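Chemist: All I have is the shape, not the residue letters:
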């Protein structure tokens, strides 16, 4: 692994005007990504020479998990998939709360569809996290071929998030949401998560350069049908 400092995305050909961070939202994006990187990482067997203790794999997986945080309706649908395979009744209650709290509208942060699916320029956010010493992007190269981009996470990232939640308790939503998303994503690669997204017609049929639409109505119907079947 070697350090990579240009923060490319998996959609490097996207025009610069697409999915650019809204003015004043860069710190919000950086904080959300830090919650994902910390919550979705795994502890290293031994800290790195520069003190990193956790590793997050990979950039594609980061983008796919971010999509589920930003689209509560898609997350709800994936939780219903998990319910149907696990019969975990608590998952129905979780999805009910998502809709009761109107999250598919009030928590939605839209993403543009580009060549390889949901896209957001994350270079600025990652640069910010790197500058503060929270995260270090790493390029994995095998036999001279770039395989993926991973991220080393440092202890100060975790302590910063604990302090942030203590000072602003509402930020605990992000920690809880990432934990919920990881119920779906923990055992899946970025490619598997992306492929699941493409199974939705609304997602796969979105023209390139357009915002991916909500599927809240369809998921609510599915929830109601499963609740009736559960009674």
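Modeler: Great, that's in hand. Keep in mind the model is a prediction, meaning the values are calculated, not measured.

Chemist: Can you give me the buried ones in stretch 39-47?
Modeler: 39, 40, 41 (16 or more other CB atoms under 10 Å). No exception for glycine: its C-beta is placed from N, CA and C like everyone else's.

Chemist: Out of the residues you listed, flag the one nearest to residue 50.
Modeler: residue 41 (15.9 Å; CB to CB).

Chemist: Enumerate every residue touching that closest one.
Modeler: Contacts for residue 41 (CB atoms under 8 Å, 6 or more residues apart in numbering) come out as 54, 55, 56, 151, 153.

Chemist: Looking at those residues, which is nearest residue 121?
Modeler: Ranked by distance to residue 121 (CB to CB), the contacts of residue 41 are led by residue 151 at 16.8 Å.

Chemist: Sitting in helices, which of the buried residues of stretch 39-47 do you find?
Modeler: residue 39 (DSSP state H).

Chemist: ok, now how distant is residue 158 from residue 98?
Modeler: Distance, residue 158 to residue 98, by CB to CB, to the nearest Å: 27 Å.

Chemist: Identify each buried residue in stretch 80-91, please.
Modeler: Buried, per 16+ other CB under 10 Å, within stretch 80-91: 80, 82, 83, 91.

Chemist: Please enumerate residues in contact with the helix or strand hosting the second one?
Modeler: So that's residue 82. Element membership of residue 82 [criterion: DSSP states H and E] is helix 72-86. Contacts of helix 72-86 with the rest of the structure, by CB under 8 Å, 6+ apart, involve 67-69, 88-89, 91-92, 94-95, 98-99, 103-104, 107-108, 180-181, 183-184, 196-197, 200, 203, 214-216, 218-219, 222-223, 226.

Chemist: and these, which are buried?
Modeler: Neighbour-count burial (16+ other CB under 10 Å) applied to those gives 67-69, 91-92, 94-95, 98-99, 103-104, 107-108, 180-181, 183-184, 196-197, 200, 203, 214-216, 219, 222-223.
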